[in-house]
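Visitor: turn this into a structure:
(one chain, ligands or ions: 1)
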Amino acid sequence: MTHYNLTGKIALVTGGSRGIGRSIVLHLAHSGADVAFTYRSKVDEANALVAELQNMGRTSVAFQSNAADAKQSDEVVQSVIKTFGRIDILVNNAGITKDGLLMRMSEQDWDDVISTNLKSVFNFTKSACRQMMSQQSGKIINIASVVGVVGNAGQANYVASKAGVIGFTKSVAKELASRNIQANCIAPGFIETDMTEKLNEKQKEAILSVIPQKRIAKPEEIASVVCFLASQDSNYITGQTLKVDGGMAM
Ligand code: NAI
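Guide: Sure thing, here's the model as predicted:
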């Protein structure tokens, strides 16, 4: 699957039960890491994924928790440290959309998206970085979005959250660089998951027309880049946002 060697590494992925997160969990495990992950609601899918990792000879544990909740997130991190003894790789992937034009966007839809997509990144990064600092090593990989760079009509809440993640990542990268911790973002373009499934054909066509590669990506095409940023091969890269978008935003 990937040629990166993550043998013996301990990874924590938020929102790992489906879509891009699930693919990230599988790719990290195939590269040799033991992987803990969180999810919101789908217990059966989460348990099936844990079993799949165990069949591969990896250790895995799933936590049902709300990434927007600081207390729950800290409990997850402490539990991972207790179980595995360390955290080498943190992937902040959990995210939602609640789209609508600004004129019609409710305060609730703004708050939900900001807390799930942005506050969650603060929660997990703050809790995990203490451990990474004491280890003097760590990789923080935040899943942003290309719209966080270029903007998108109908997604003011989502775009603000993703632009926030990008700014947060740069600040954290500067704070933690001297401790041998690298923090980077991946900004995916248009990926085939439940999140994009709900777009209608007209919306999909409009998106495809602005992708030079003229296709939608598979979750694996994000997961392989996560493995690169989680590996030693990217040790001199920090504070960056890597667009994985078929050329959408250049
Ligand atoms: P998805 O909807 O298929 O999966 C989202 C995951 O996040 C699920 O595992 C869900 O359990 C988890 N999640 C949602 N709210 C949560 C909460 N409060 N606490 C814990 N977990 C929660 O979405 P997809 O497409 O796999 O997206 C993953 C990430 O990639 C998101 O951050 C999304 O914004 C980002 N992204 C996706 C793109 C796409 O085209 N699908 C494009 C750009 C970015």
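Visitor: what's downstream of the helix or strand hosting Ala187, the next helix or strand?
Guide: Here Ala187 sits within strand 181-188, counting by DSSP states H and E. The helix or strand immediately downstream of strand 181-188 is helix 194-197, counting by DSSP H and E.
Visitor: export that following helix as CSV, just CAs?
Guide: What follows is helix 194-197, C-alpha atoms only, in CSV (Å, rounded to 0.1, in the frame of the first residue of the first chain):
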residue,chain,number,x,y,z
ASP,A,194,-20.2,10.2,2.4
MET,A,195,-19.4,13.9,2.8
THR,A,196,-19.4,14.5,-1.0
GLU,A,197,-22.0,11.8,-1.7
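Visitor: now that helix: average pLDDT?
Guide: For helix 194-197, mean pLDDT is 89.
Visitor: before we move on, what about stretch 175-189?
Guide: For stretch 175-189, mean pLDDT rounds to 98.
Visitor: can you confirm whether it lies near the ligand?
Guide: Yes: applying CB under 6 Å from any ligand atom, one finds stretch 175-189 touching the ligand at Pro188. (Each C-beta comes from the backbone N, C-alpha and C, glycine too.)
Visitor: quick check: buried residues in that stretch?
Guide: Neighbour-count burial for stretch 175-189, with 16 or more other CB atoms under 10 Å as criterion, is recorded at 176, 181-189.
Visitor: which of those residues sits closest to the ligand?
Guide: Pro188 (3.7 Å; CB to the nearest ligand atom).
Visitor: I figured the closest one was touching Gly148, is that so?
Guide: No: contact between Pro188 and Gly148 fails when scored by CB atoms under 8 Å: they sit 10.2 Å apart.
Visitor: tell me the pLDDT of Ala68.
Guide: We have a pLDDT of 98 for Ala68.
Visitor: can you tell me the SS state at it?
Guide: Under DSSP: H, G, I helix; E, B strand; the rest coil, the three-state class of Ala68 is coil.
Visitor: leaving out sequence neighbours, find the closest residue to it.
Guide: Spatial nearest neighbour of Ala68, excluding adjacent residues (CB to CB, 6 or more residues apart in numbering): Ser115 at 4.0 Å.
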